[in-house]
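K.L.:
With the sequence up front, the predicted model follows.
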Amino acid sequence: MADLDKCTNINELKQLHALIYKYNLHKDPFVAPKLISALSLCCQTGLAINVFDHVPFPDTRLCNTLIKAHVRNSDPLKAFHVFNEMLRSGISPDNWTYLFLLKACSRYECVQMIHAHVEKLNLYLDLFVCNSLIDAYSKCGIVGIVAARNVFDAMAEKDVVTYNSMINGLVRTGSLSEAKNMFDKMPQRDKVSWNTILDGYVKAGKMSEAFALFERMPWRDVISWSTVISGYTKLGDIEMARVLFDKMPVKNSVPWTIIISGYAEMGLVKEAIELFNKMEEGGFNLDDGTFVSILSASAESGLVGLGKRVHQSITKSGHKCSVLVSNALIDMYGKCGILNKAWDVFNTMDRKDLISWNTMIHGLAMHGYERKALQLFARMKQEGCTPDKVTFVGVLSACSHTGMVEEGICYFYGMEKDYGIVPEIQHYGCLIDLLGRGGRLSEAFQLVHDMPFEPNVVIWGSLLGACRMHNDALLAEKVLNQLMKLEPVNAGNFSLLSNIYATSGDWGNVSNTRLQIRKADNNSPSGVSSIELDDGFHEFTIMDVTHPKSNRIYQLVNGLSQQLKKIDFATDACV
DNA sequence: CTAGGGTTAG
């Protein structure tokens, strides 16, 4: 029974759980915390809460265990709920309570609140609590780092963790030279110190300096190797990343995940799947981090094949999908346009969070299911989930894609009035797109001037698209002038204008614009597109004739655009 | 305390 909290086998634990209940031991002040801890390790948070609820007079230690369980289950709200209940029923928190709560904090105000409690209880002198405060503040960006520094400076006794946490905070906020300064000055350095400063160089994109440091480090563990490999994949140097990956002496699932995601981000689906198979065969632990990383890389590059392969492996593992993994699956299927699969995952989730709803709404809104997206938005509110600014980007773009101008305007104003969400540039962008597509070009143009943000390429681009849609050459010229200042080498912009002239039969301006296209084209590297089919991954460029059947392909495309024209569907191919 | 990770307008 003493080793109860070390039991990680779910079946054994369930047997123990039954026995404990049978002998009424679950109310025992010694057994209950251990049982809660074990249940939460096996992701049985519901059962853990149940145990807690049956203890007649919970003490500080029991509450701490439950808080820890919620934090482990990435449910900070529930963790804070337990904390509030503690305070309400007069159970005094101790330094362990604050250690666990600080792990659950992601907002500055939240850390500040704990900080105030800690000061009041005079726990301020506890080294562990202070180290956690520095760490928690460091995760709150630029506002947090000042507060972290204040705690750091006020500490009479510091250990290596204090320095490491502070250095990590400086690295995260981009103050590499300050971090390096502190690293050089600290009394003694351990593995974590070296890895942290190494990560600083990597995060700053200084790979040659990072590599030099890596080579002269007194220790190199899996984390050091992974840090450097990840740096190379982020710079797109997958070859160098692979060389190091093959060379590293001991691997765990993290470097495997990094290299697979790296291949996926480059669109190299064959290599990614091959390595994923090898990773699975090698018996490496496939955890949430692995699934989420690779799925997100698949989503970004539109690699359905890899995404499906990962999904297969998740299903095969038999574990219930965490919210994080489910959300990543929804996003992957959504971005790849397989909406029924995304919908399946969404509907079978037992706990949805705000991001699940947002991701599903976006997926629907981007792939022609605008009405479904808006219905889902209504359902989300019915089920008691409060929308945020991201939700409204999805809602507004659903409206604009399906031409619901009045409804969109309503949602735009409702967002501040009903939810207190101040519109950001993305929301104005959607509204401008909505008005533009709806043919209300002058209103859209007016809004660009009246909104409280500087218009960017996305805004001007959407307005240019609207000009093309409604063949307004005069406005298009104005827009293109603005766009030129921000994006001088985008030939697509000119080609849109040229097509507007062509539609109105202004051939003089067509040839003028074409000349400018050629100029812009010479300044820009030619883009390569790619598509994934059943037999693998294919790359192609504009005017590509390398395919053996390219004649037949162009025939087909021309035939299709003829048919589209017949049903009054304008295409913008520039041939 | 250090490596991989879920939603954001054309």
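P.N.:
Cool, got the structure.
K.L.:
Quickly note the distance from the closest residue to residue A:203 other than its chain neighbours to residue A:107.
P.N.:
In space, and not counting its chain neighbours, residue A:203 is closest to residue A:171: 6.2 Å by CB to CB, 6 or more residues apart in numbering. Yep, even glycine has a C-beta here, placed from its N, CA and C like the rest. Separation of residue A:171 from residue A:107 (CB to CB, to the nearest Å): 21 Å.
K.L.:
Have a look at the two and say which one is more surrounded.
P.N.:
More crowded of residue A:171 and residue A:107, by other CB atoms under 10 Å: residue A:171, with 24 against 13.
K.L.:
Who are the contact partners of that one?
P.N.:
Counting by CB atoms under 8 Å, 6 or more residues apart in numbering, residue A:171 touches A:179, A:196-197, A:199-200, A:203.
K.L.:
So which of those sit within helices?
P.N.:
Mapping those onto helices (DSSP state H) picks out A:179, A:196-197, A:199-200, A:203.
K.L.:
neighbour-wise, which of the residues you listed leads?
P.N.:
Neighbours here mean other CB under 10 Å. Within the ones in helices among the contacts of residue A:171, the largest count is held by residue A:200, at 27 neighbours.
K.L.:
For the nearest residue to that one once chain neighbours are set aside, what is the enclosing helix or strand?
P.N.:
Distances taken as CB to CB, 6+ apart place residue A:171 nearest to residue A:200, at 3.9 Å, with adjacent residues excluded. Here residue A:171, judged by DSSP states H and E, is contained in helix A:160-172.
K.L.:
Show the subsequent helix or strand relative to the helix or strand residue A:407 falls within.
P.N.:
Residue A:407 belongs to helix A:405-419 when assigned by DSSP H and E. Using DSSP H and E, the helix or strand that follows helix A:405-419 towards the C-terminus is helix A:425-437.
K.L.:
need the contact list for residue A:210.
P.N.:
Residue A:210 neighbours (CB under 8 Å, 6+ apart): A:198, A:201-202, A:227-228, A:231.
K.L.:
circling back: roughly how far apart are the residue nearest to residue A:203 and DNA strand B?
P.N.:
8 Å (CB to the nearest atom of the strand, to the nearest Å).
K.L.:
Quick check, pLDDT for that residue.
P.N.:
pLDDT recorded at residue A:171 is 96.
K.L.:
do the same with the one 3 residues further on
P.N.:
Reported pLDDT at residue A:174 in the predicted model: 92.
K.L.:
what do you get for residue A:181?
P.N.:
pLDDT at residue A:181 comes out at 97.
K.L.:
just the one 5 residues further on next, same as before
P.N.:
Looking at residue A:186, its pLDDT reads 97.
K.L.:
my guess is residue A:490 contacts residue A:483, does it?
P.N.:
Yes - counting by CB atoms under 8 Å, residue A:483 is a contact partner of residue A:490 at 7.4 Å.
K.L.:
which one of the two has more residues nearby?
P.N.:
Neighbour count, other CB under 10 Å: between residue A:490 and residue A:483, residue A:483 has more, with 23 against 19.
K.L.:
Can you report how many residues neighbour the residue of the stretch 451-575 of chain A found nearest DNA strand B?
P.N.:
Residue nearest to DNA strand B within the stretch 451-575 of chain A: residue A:461 (2.2 Å; CB to the nearest atom of the strand). Residue A:461 sits with 21 neighbouring residues when counted by other CB under 10 Å.
K.L.:
Pull out the buried residues from the helix or strand that it is a member of.
P.N.:
Residue A:461 is part of helix A:457-469 when elements are defined by DSSP H and E. Within helix A:457-469, the residues scored as buried using 16 or more other CB atoms under 10 Å are A:459-469.
K.L.:
Moving C-terminal from it, which element do we reach first?
P.N.:
Following helix A:457-469 in sequence, per DSSP H and E, is helix A:473-486.
K.L.:
Show me what counts as buried in that next one.
P.N.:
A:475-476, A:479-480, A:482-484.
K.L.:
Next, the buried residues of stretch A:336-345.
P.N.:
A:336, A:338-339, A:341-343, A:345.
K.L.:
cool, stretch A:243-261 as well?
P.N.:
So stretch A:243-261, judged by 16+ other CB under 10 Å, has buried residues A:244-245, A:248, A:251, A:253-261.
K.L.:
Off-centre distance for it?
P.N.:
22 Å (CA atoms, centre = their mean, to the nearest Å).
K.L.:
in what helix or strand does the residue located most distally from the centre of chain A lie?
P.N.:
Distance from the C-alpha centroid of chain A, by CA atoms, centre = their mean, peaks at residue A:508 (47.8 Å). Residue A:508 belongs to helix A:507-523 when elements are defined using DSSP H and E.
K.L.:
try residue A:227
P.N.:
Residue A:227 belongs to helix A:222-234, assigned by DSSP H and E.
K.L.:
Distance from the chain centre to that helix, please.
P.N.:
19 Å.
K.L.:
That one close to DNA strand B?
P.N.:
Yes - legend: contact between helix A:222-234 and DNA strand B by CB under 7 Å from any atom of the strand is shown at A:222-223, A:226-227, A:230.
K.L.:
Pull the residues that contact whichever helix or strand comes after that helix.
P.N.:
Once helix A:222-234 ends, the next helix or strand along the chain (criterion: DSSP H and E) is helix A:238-247. Residues from elsewhere that reach helix A:238-247 (CB under 8 Å, 6+ apart): A:225, A:228-230, A:232-233, A:251, A:255, A:258-259, A:262-263, A:266, A:268.
K.L.:
cutoff 6 Å now
P.N.:
A:229, A:232-233, A:255, A:259, A:262, A:266 (CB atoms under 6 Å, 6 or more residues apart in numbering).
K.L.:
Same check on stretch A:29-36?
P.N.:
Contacts for stretch A:29-36 (CB under 6 Å, 6+ apart): A:4-5, A:25, A:48, A:51, A:55, A:61-62, A:65-66, A:69.
K.L.:
Scan the residues you listed and report the most crowded one.
P.N.:
residue A:66 (30 neighbours).
K.L.:
and that one, how far is that from residue A:253?
P.N.:
Residue A:66 is 29 Å from residue A:253, by CB to CB.
K.L.:
ok, now residue A:321?
P.N.:
For residue A:321, the distance to residue A:253 - CB to CB - is 17 Å.
K.L.:
how far does the helix holding residue A:171 sit from the chain's center?
P.N.:
24 Å.
K.L.:
Which positions in that helix come out as buried?
P.N.:
A:161-172.
K.L.:
just curious, which of these is nearest to DNA strand B?
P.N.:
Relative to DNA strand B, the closest of these is residue A:164; by CB to the nearest atom of the strand it sits at 2.9 Å.
K.L.:
Next one, pLDDT for the spatially closest residue to the closest one that is not a sequence neighbour please.
P.N.:
In space, and not counting its chain neighbours, residue A:164 is closest to residue A:192: 4.9 Å by CB to CB, 6+ apart. If you check residue A:192, the pLDDT there is 98.
K.L.:
after the helix or strand encompassing residue A:192 comes which helix or strand?
P.N.:
Residue A:192 belongs to helix A:191-203 when assigned by DSSP H and E. Next helix or strand after helix A:191-203 toward the C-terminus (DSSP H and E): helix A:207-215.
K.L.:
could you check the angle helix A:222-234 makes with that following helix?
P.N.:
160 degrees (axes from the mean of the first three to the mean of the last three CA atoms, to 10 degrees).
K.L.:
No more questions from me, cheers.
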